[in-house]
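# need a structure here:
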Amino acid sequence: MELSQIMEEMRTYVRSRFEIGESDAVFDDDVHLFDYGYIDSFGAVDLTQFSESKYGIEISNDDLIMHPLNTIREISVFVHGRLNGSH
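Model prediction:
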């Protein structure tokens, strides 16, 4: 699966699930989802579960500590790497 496809799916999911409007000028692939208040700790659990079920991967607590997973891009790069055996 291409990284661009994962990013598009993540972006679409986050916008839909967390009700982020298309007119939100700050929201992009590199905005810190937590620092900017788009997602809280409950949202993080939801996003992790979505990623695991959508892509058939496992995200461990160690992964959450060792890898920056704060933006659409970071999460997508991690998922892409996991799918390709590099994480």
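
# any idea how far the residue nearest in space to the middle of the chain lies from Leu3?
Closest residue to the average C-alpha location of the chain: Ile75 at 4.0 Å, with C-alpha atoms, centre = their mean. Relative to Leu3, Ile75 is positioned 11 Å away (C-beta to C-beta, to the nearest Å). All C-beta spots, glycine's among them, are computed from the backbone N, C-alpha and C.

# Do I have it right that Met32 meets Leu69?
Actually, residue 32 is His rather than Met. No - in this structure, His32 is not within contact of Leu69 by C-beta atoms under 8 Å, at 10.7 Å.

# who has more neighbours, the two?
Neighbour totals were compared for His32 and Leu69, and Leu69 leads with 21 against 13 (other C-beta atoms under 10 Å).

# Give me the number of neighbouring residues for the residue lying closest to His80 once chain neighbours are set aside.
Closest residue in space to His80, ignoring its immediate chain neighbours: Leu3 at 4.6 Å, by C-beta to C-beta, 6 or more residues apart in numbering. If you count neighbours by other C-beta under 10 Å, Leu3 ends up with 15.
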